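1. Provided below are the primary sequence and the corresponding predicted coordinates.
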Amino acid sequence: MSVVSVVTAAAVIVVGYRLGHRPSAWRATRRRTRAARHTRPHAWLPTAQFMTVFLMLLAAMFAAAYDAGN
């Protein structure tokens with residue numbers, strides 16, 4: 001597997017993830033009506049999910065590059 005195909009696959013996965021996790025209008029309206037203290041912990045959940053997927057893809061690309069170099 002070449003590095004270009006790994007980077008392309010990673011880009012497709014990340015873009016698909018971000019497009020699939022857009023908040024809908026009713027959720028955005030509902031979140032705005034809640035108290036700021038109540039919504040603050042929920043704001044980190046999508047970011048944590050995205051960073052987890054991003055780090056896993058980065059580790060996979062590093063492993064592929066290391067394997068290709070040896």
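-> Structure received. Computed from a predicted structure; not experimentally measured.
2. low-scoring stretches of this structure, by residue?
-> 1, 19-43 (pLDDT under 70).
3. any chance you could map the strands in it?
-> Read by DSSP state E, the chain holds no strands at all.
4. What is the longest helix of it by residue count?
-> The longest helix of the chain (DSSP state H) is helix 36-69.
5. counting contacts, what elements does it pack onto?
-> Judged by 3 or more C-beta pairs under 8 Å, 6 or more residues apart in numbering; DSSP states H and E, helix 36-69 is in contact with helix 3-20. C-beta: built from backbone N, CA, C; applies to glycine.
6. Enumerate the positions of the helix it packs on that are buried.
-> Across helix 3-20, burial judged by 16 or more other C-beta atoms under 10 Å covers V6, A10.
7. That one packs against which elements?
-> In terms of contacts (3+ C-beta pairs under 8 Å, 6+ apart), helix 3-20 is packed against helix 36-69.
8. which of the residues in the helix it packs on are buried?
-> L57, A64.
9. now that helix against helix 3-20, angle please.
-> Here helix 36-69 runs at an angle of 160 degrees relative to helix 3-20 (axes from the mean of the first three to the mean of the last three C-alpha atoms, to 10 degrees).
10. Since that was my last question, I'll sign off now.
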